[in-house]
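Q: sequence first, then the predicted structure, then my questions.
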Amino acid sequence: MSEQSLPEDTREAYADELPDYAERVLEVAERIPPGRVMTYGDVAEWLQEGGPRQVGRVMSHYGGAVPWWRVVRADGVLLPGHELGALDHYRTEGTPLKEAGRAAEGHLPRLDMRRARWDGGADAGAHT
């Protein structure tokens, strides 16, 4: 079983073993409101530490216990291998999407980053 697939209820027990940086990344992921997203780079900037790759590594190892679908690629492409699961979450939460064009691989939509991106401000519940 990979760390990504840890059930949500095991996070507290597992948190004792998390590196400090990983714990902080996961805390940011938990703050992102439903229907909104932050990029890997946004999370690193919020923390003022690391970069997109470090955040991506944390999410790939430990992200299964938080709303992982809210930490995304800057281009809005759905996470490879997790597209359908993420898409279910986005549709349930009302996350703004751009419908796929005919040439899009798998005809999957992308995130509408202009509208879905959250800057961590006070407008936690509102879409821009």
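A: Okay, I see it.
Q: for the rest of this, base every contact and every neighbour count on C-alpha atoms.
A: OK.
Q: pLDDT below threshold where in this protein?
A: Low-confidence segments of the chain (pLDDT under 70): 1-16, 102-106, 122-128.
Q: what residues are up against the residue nearest the centre of the chain?
A: Centrality entry for the chain: nearest residue to the mean C-alpha point is V71, 1.8 Å, by CA atoms, centre = their mean. Contacts of V71 were listed using CA atoms under 8 Å, 6 or more residues apart in numbering, and they are A29, V37, M38, T39, Y40, V43.
Q: what about 10 Å?
A: 25-26, 28-30, 32, 36-43, 55-56, 59, 63, 79, 117 (CA atoms under 10 Å, 6 or more residues apart in numbering).
Q: then L84?
A: L78, Y90, L108.
Q: where does the closest residue in space to A22 that isn't next to it in sequence fall, secondary structure wise?
A: Of all residues not flanking A22 in the chain, V58 sits nearest, at 5.5 Å (CA to CA, 6 or more residues apart in numbering). Applying DSSP states H and E as the criterion places V58 in helix 52-62.
Q: please apply the same query to V77.
A: Applying DSSP H and E, one finds V77 in no helix or strand.
Q: now the phi/psi pair for it, please.
A: phi -70, psi 140 (degrees, to the nearest 10).
Q: these two touch, right, it and W69?
A: No: contact between V77 and W69 fails when scored by CA atoms under 10 Å: they sit 11.4 Å apart.
Q: which neighbours do the two have in common?
A: Common neighbours of V77 and W69 are listed as E83 (criterion: CA under 10 Å, 6+ apart).
Q: these two - which one has more neighbours?
A: Remark: of V77 and W69, W69 carries more neighbours, 24 against 15, as counted by other CA atoms under 10 Å.
Q: what number of residues lie near the spatially closest residue to the more buried one that is not a sequence neighbour?
A: Counting by CA to CA, 6+ apart, A86 is the residue found nearest to W69 once chain neighbours are left out, at 5.4 Å. Other residues lying near A86 total 18 when counted by other CA under 10 Å.
Q: can you name the element that comes right after the helix or strand where A86 lies?
A: Using DSSP H and E, the element containing A86 is helix 83-93. Toward the C-terminus, helix 83-93 is succeeded by strand 97-98 as the next helix or strand (DSSP H and E).
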